[in-house]
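[1] Model the following, please.
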Amino acid sequence: MLLWFLPWPNKQFPKKILDLALMRTSRHFFSLEGIDGSGKSTHIEKLAAALEAEGYSVVRLREPGGAKISERIREILLDASFKGVMADKTELLLYNAARAQVIAEIIQPALDAGKIVIADRFAWSTFAYQGYARGLGAEYVQKLTEITCGDCFPELTVVLDLTVEQSRARTAKRGGAPDRLEQEKADFFERVRQGYLAAARDYPDCVAAIDVDRPFEEVSADLIKLVKSRL
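    Residues are numbered from 1 along each chain as shown. This next block holds a predicted model:
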C-alpha cells in the first residue's frame, strides 16, 4: 500500500534534485529509509532472502557504516558524548565521508559485478536529517551529495513510514542508552519524517513510501513487489 501526501507548505525540495535522482541513478541499487523503529534492518533481511531465493546475489549494508573506515566514522557520529558539541556542518560532512568510502569500497564494486545492493539508509537520510530537520537546506546538501555519490545513487528508495509516537514506542523496547541522534526531541524526528514524506511526494520515480503500521507480512510483500518491479 503506497501513500500519497499533501504538500508541507514552503518545504518542498528544489526540482533540480529530481534531475539528479532520475538521470544518475544506479541500476540494482536500493535503499530503505525511515525513522528509528520502522523495521528497516528486519525488512532488508526478508527482502534479501526473497531475492536470493530467485538466484540474485545481494549485498546488504548499513549507513553510516558498511566499510571499516565508515564504521569508525559511525562511532563518532553516534557518540552520545558529542551531543551539543558536534556542529551541524560537521555532522553533514562526516556522513558524506562515510558514504564516499562505502561507495568506493563496497557499493560500486558490487554493482559493477552485477550484484544487487540494498542499503539501510543512504543519501535521502541526509536530505531528511541534515537538510530538513537540521535546517541546512536541500540545495546545500545536494552539492555535497553530487560530490559524494556521483552516479552511484539508488534507483529506488523505499521509506518505511510510521509516526514519531510509534517510533518511540518501538525503540523503547530495545533498551540500552540512546545514542547522540536518538537523544533528539520528538519535534526533530517529526521534521525528519516530513522530509522523507516530501521526498516520496515530490520524487515518485525514485522514492516510495509504505505505511508500516500494519502486519509485518503485508509490509514485506509490498516492499518486495516494489523492488522486483525494478528488476
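
[2] all contacts plus neighbour counts: C-alpha atoms, from now on.
    Will do.

[3] In space, not sequence, find me the middle residue of the chain.
    Arg121 (2.8 Å; C-alpha atoms, centre = their mean).

[4] my read: that residue touches Glu33, true?
    Yes - A contact is recorded between Arg121 and Glu33 when judged using C-alpha atoms under 8 Å, the distance being 5.1 Å.

[5] so where is this protein shaky, pLDDT-wise?
    Flagging of the chain using pLDDT under 70 yields the residue ranges 1-24.

[6] now the helices for it?
    For the chain, the helices defined by DSSP state H cover 16-23, 40-52, 68-78, 88-102, 108-112, 123-126, 138-149, 164-172, 186-202, 216-228.

[7] Tyr132: which of those is closest?
    Checking these against Tyr132 by C-alpha to C-alpha gives helix 186-202 as the closest, at 5.6 Å.

[8] roughly how far out does stretch 113-126 sit from the chain middle?
    8 Å (C-alpha atoms, centre = their mean, to the nearest Å).

[9] and if you look at stretch 44-51?
    Centroid separation between stretch 44-51 and its chain, computed with C-alpha atoms, centre = their mean, is 17 Å.

[10] What residues sit buried inside that stretch?
    When burial is assessed from 16 or more other C-alpha atoms under 10 Å, stretch 44-51 yields the following buried residues: Ile44, Lys46, Leu47, Ala48, Leu51.

[11] of these, closest to Ile224?
    Nearest to Ile224 among the buried residues of stretch 44-51, counting by C-alpha to C-alpha, is Leu47 at 5.9 Å.

[12] residues contacting the closest one?
    Taking C-alpha atoms under 8 Å, 6 or more residues apart in numbering as the contact definition, Leu47 lies against Ser220, Leu223, Ile224.

[13] hang on, the first one packs against Ile44?
    If I follow you right, that is Ser220. No - counting by C-alpha under 8 Å, Ser220 sits too far from Ile44 to count as a contact (9.1 Å).

[14] Contact partners for Ile44?
    Under the contact definition (C-alpha under 8 Å, 6+ apart), the residues listed for Ile44 are Leu32, Arg60, Ile118, Asp120.

[15] Format the residues you listed as CSV; extra columns: neighbour count and distance to Gly84.
    Conversion of the contacts of Ile44 to CSV gives the following (neighbours: other C-alpha atoms under 10 Å; distance: C-alpha to C-alpha, whole Å):
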residue, neighbour count, distance to Gly84
Leu32, 28, 28
Arg60, 18, 32
Ile118, 25, 32
Asp120, 23, 26
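
[16] Among those residues, which are located in strands?
    Leu32, Arg60, Ile118, Asp120 (DSSP state E).

[17] out of those, what pair is the most spread apart?
    Farthest apart among those - using C-alpha to C-alpha - are Leu32 and Arg60, which lie 10.8 Å from each other.

[18] I'd like the distance between Val117 and Leu111.
    Here Val117 is placed at a distance of 7 Å from Leu111 (C-alpha to C-alpha, to the nearest Å).

[19] again with Leu156
    14 Å.

[20] More neighbours: those two, which one.
    When neighbours are counted by other C-alpha atoms under 10 Å, Leu156 comes out ahead of the other of Leu156 and Leu111, with 25 against 19.
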